[in-house]
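Trainee: could you look at this predicted model? Sequence included:
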Amino acid sequence: MSKNYKIAVLPGDGIGPEVTNESVKVLKVIGEAYQYNFQFDYGVMGAEAIYQTGNPLPDETLELCKNSDAVLFGAIGDPAFDNNPDAKVRPEQGLLKLRKGLGLFANIRPIKTYASLIKKSPLKREIVEGTDIQIYRELISGIYFGEKFTEENGDYAYDVCKYSKEEITGIAHLAFQDAQKRKKKLTLIDKANVLDTSRLWRKIVKEIALEYPDVKVDFMFVDNAAMQMILNPKQFDVILTENMFGDIISDEASVIGGSIGLLPSASIGNDNALFEPIHGSYPQAKGKGIANPIASILSAAMMLDHLELTQAANKLRESVENAIESRYVTIDLNPDINYSTSEVGDFIADYIRFSERSYYNHENVQLGKSTIV
Ligand SMILES: NC(=O)C1=CN([C@@H]2O[C@H](COP(=O)(O)OP(=O)(O)OC[C@H]3O[C@@H](n4cnc5c(N)ncnc54)[C@H](O)[C@@H]3O)[C@@H](O)[C@H]2O)C=CC1
Ligand SMILES: CC(C)CC(=O)C(=O)O
Ligand SMILES: [Mg+2]
């Protein structure tokens, strides 16, 4: 009997719906090939939700997510709000409220390279080749969640950065446990020469490190880390950092692989999990069919890992690698060939179909007839 999984799908704004469509497309094929019953329930959020309901995260959307096995999220954001400093309600508030409401304290962002894309990076081959980093970004505290104030005359404003021991402890343990399975190195990125919150991070991470004696810990100021990330990214194994530093450092790290359109993430809490590309809504590309869907599809693979569907997760990653190595990619990675968002999704879906024997038999398709593999 096939197992049921309830997946909440929040496509969001800009390119969010286009890239999320491709993830749902490939997940449907995975479901058929491996006999998993994925039920996709859609929710509205972001600018789209503001236009429809006045609220960037309607209660029904949060409830839908809470009652699901996992959430697949696209992206939110709209220039109508970005260009209006007086907007009282913003799409981004919906995303922060969603992360907080689901208790998603750890955002995990893997950074890696693909052999055929090494030359797409603006950095030298010897710098990027073999990079393999896991960034653990705290996701529901820090300056994005502290109190805010703007004076009525608009001449004065502040955002407060706060952290508690509990908020640091949960994600730190996850990062140390991952480091134990990897190269056993953890770098805390902070600004402990200036910020009290960073000094708290250092103190707590040093205490927790005693429980993981096999993991080598080092500390790096974020300004230096920004430079080291593009000078010598291979020095990093697991990076642990607070919310805003992790946001910025991970976008910077996307130049190593060749495009931010490749980078997925998992946002993990005690009771819920959400999977999202690290990029935003890229509004300039909306509706053009040029957005790279791979960040979203690899986020779906992280979702399969989370659901303990490891074989399917590995198949999905293999299919993405096949598309990349076959140069079947969007314009950000190949301006000469330039496949569309949905063509890349189709290619990945077809690879799964044609490489899964059970699916062949099921569909009565003759083995060896594929033009794709
Ligand atoms: N998680 C989320 O929903 C996020 C939302 N945003 C929102 O998105 C909007 C746009 O923000 P930006 O700063 O321009 O960041 P962005 O990540 O949307 O785009 C920055 C640049 O990255 C590249 N890019 C992004 N996604 C791509 C994809 N799938 N394929 C190929 N290239 C891609 C494009 O060159 C683009 O100009 C804003 O409203 C912002 O608030 C920004 C970051 C995260
Ligand atoms: C729009 C922000 C709230 C989020 C962001 O940039 C991110 O999570 O990468
Ligand atoms: Mg970001």
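Mentor: Yes, it's here. Ligands and ions are numbered 1, 2, ... in the order given.

Trainee: when you work out contacts or count neighbours from here on, use the C-alpha atoms and nothing else.
Mentor: Fine.

Trainee: so which residues of this protein form helices?
Mentor: Using DSSP state H, the helices assigned to the chain run over residues 16-34, 47-53, 59-66, 79-82, 91-101, 125-128, 165-181, 196-209, 222-231, 243-257, 294-306, 310-325, 341-355, 357-363.

Trainee: quick check, residue 2 in contact with residue 35.
Mentor: Yes: here residue 2 lies in contact with residue 35, judged by Cα atoms under 8 Å, at a distance of 5.5 Å.

Trainee: the more surrounded of those two?
Mentor: When residue 2 and residue 35 are compared on other Cα atoms under 10 Å, the one with more neighbours turns out to be residue 35, at 16 against 11.

Trainee: per-residue confidence at the more buried one?
Mentor: Note for residue 35: predicted pLDDT of 94.

Trainee: need phi/psi at it.
Mentor: phi 60, psi 50 (degrees, to the nearest 10).

Trainee: please renumber the chain so that the first residue is 47 from this point on.
Mentor: Will do, 47 is the new start, and the previous item becomes residue 81.

Trainee: who are the contact partners of the most centrally placed residue in the chain?
Mentor: Of all residues in the chain, the one closest to the mean position by Cα atoms, centre = their mean is residue 311, 2.2 Å from it. Counting by Cα atoms under 8 Å, 6 or more residues apart in numbering, residue 311 makes contact with 153, 154, 155, 156, 321, 322, 323, 324, 345, 348.

Trainee: and if we set it to 6 Å?
Mentor: Residues in contact with residue 311, defined by Cα atoms under 6 Å, 6 or more residues apart in numbering, are 154, 155, 321, 322, 323, 345.

Trainee: a markdown table for those residues, including neighbour count?
Mentor: Shown next, in a markdown table, are the contacts of residue 311 (neighbours: other Cα atoms under 10 Å):
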| residue | neighbour count |
| --- | --- |
| 154 | 27 |
| 155 | 25 |
| 321 | 28 |
| 322 | 30 |
| 323 | 29 |
| 345 | 31 |
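
Trainee: any idea how far the residue of the stretch 97-246 of the chain found nearest ligand 2 is from ligand 1?
Mentor: Residue nearest to ligand 2 within the stretch 97-246 of the chain: residue 138 (5.0 Å; Cα to the nearest ligand atom). Here the distance between residue 138 and ligand 1 works out to 6 Å (Cα to the nearest ligand atom, to the nearest Å).

Trainee: repeat that for residue 203.
Mentor: 19 Å.

Trainee: tell me the contacts of that residue?
Mentor: Residue 203 makes contacts with 195, 196, as judged by Cα under 6 Å, 6+ apart.

Trainee: quick one: name the residues of the protein near ligand 2.
Mentor: Taking Cα under 6 Å from any ligand atom as the contact definition, the chain meets ligand 2 at 138, 142, 293, 324.

Trainee: could you report the pLDDT at the closest residue to the second one other than its chain neighbours?
Mentor: What that stands for is residue 142. Spatial nearest neighbour of residue 142, chain neighbours left out: residue 186 (7.5 Å); criterion: Cα to Cα, 6 or more residues apart in numbering. We have a pLDDT of 98 for residue 186.

Trainee: ramachandran angles for residue 186?
Mentor: Torsion angles, degrees, to the nearest 10, at residue 186: phi -130, psi 30.

Trainee: so it sits against residue 151, correct?
Mentor: Yes: Residue 186 lies in contact with residue 151 (Cα atoms under 6 Å); the separation is 5.4 Å.

Trainee: low pLDDT regions in this protein?
Mentor: Scanning the chain for pLDDT under 70 picks out 47, 403-419.

Trainee: what's the burial count for residue 129?
Mentor: 9.

Trainee: now it: how far from residue 136?
Mentor: Between residue 129 and residue 136 the computed distance is 11 Å (Cα to Cα, to the nearest Å).

Trainee: go on, residue 352?
Mentor: Taking Cα to Cα, one finds residue 352 at 30 Å from residue 136.

Trainee: more neighbours, these two?
Mentor: Higher neighbour count among residue 352 and residue 136: residue 136, with 23 against 18, using other Cα under 10 Å.

Trainee: any idea how far ligand 1 is from the residue nearest to that one when sequence neighbours are not counted?
Mentor: Among residues not flanking residue 136 along the chain, residue 127 sits closest, at 6.3 Å (Cα to Cα, 6+ apart). Remark: distance between residue 127 and ligand 1 (Cα to the nearest ligand atom) = 7 Å.

Trainee: residue 55 too?
Mentor: From residue 55 over to ligand 1 the distance is 14 Å, taken as Cα to the nearest ligand atom.

Trainee: domain-wise, how is the protein divided?
Mentor: 47-150+306-419, 168-303 (automatic domain parsing).

Trainee: just these: most buried one?
Mentor: domain 47-150+306-419 (a mean of 20; mean count of other Cα atoms under 10 Å).

Trainee: and that domain, how far from the chain's centre?
Mentor: 10 Å (Cα atoms, centre = their mean, to the nearest Å).

Trainee: one more: stretch 243-263?
Mentor: In terms of Cα atoms, centre = their mean, the centre of stretch 243-263 is set 25 Å apart from its chain centre.

Trainee: contact partners of it?
Mentor: With Cα under 6 Å, 6+ apart, stretch 243-263 has contacts from 230, 231, 232, 233, 236, 237, 238.
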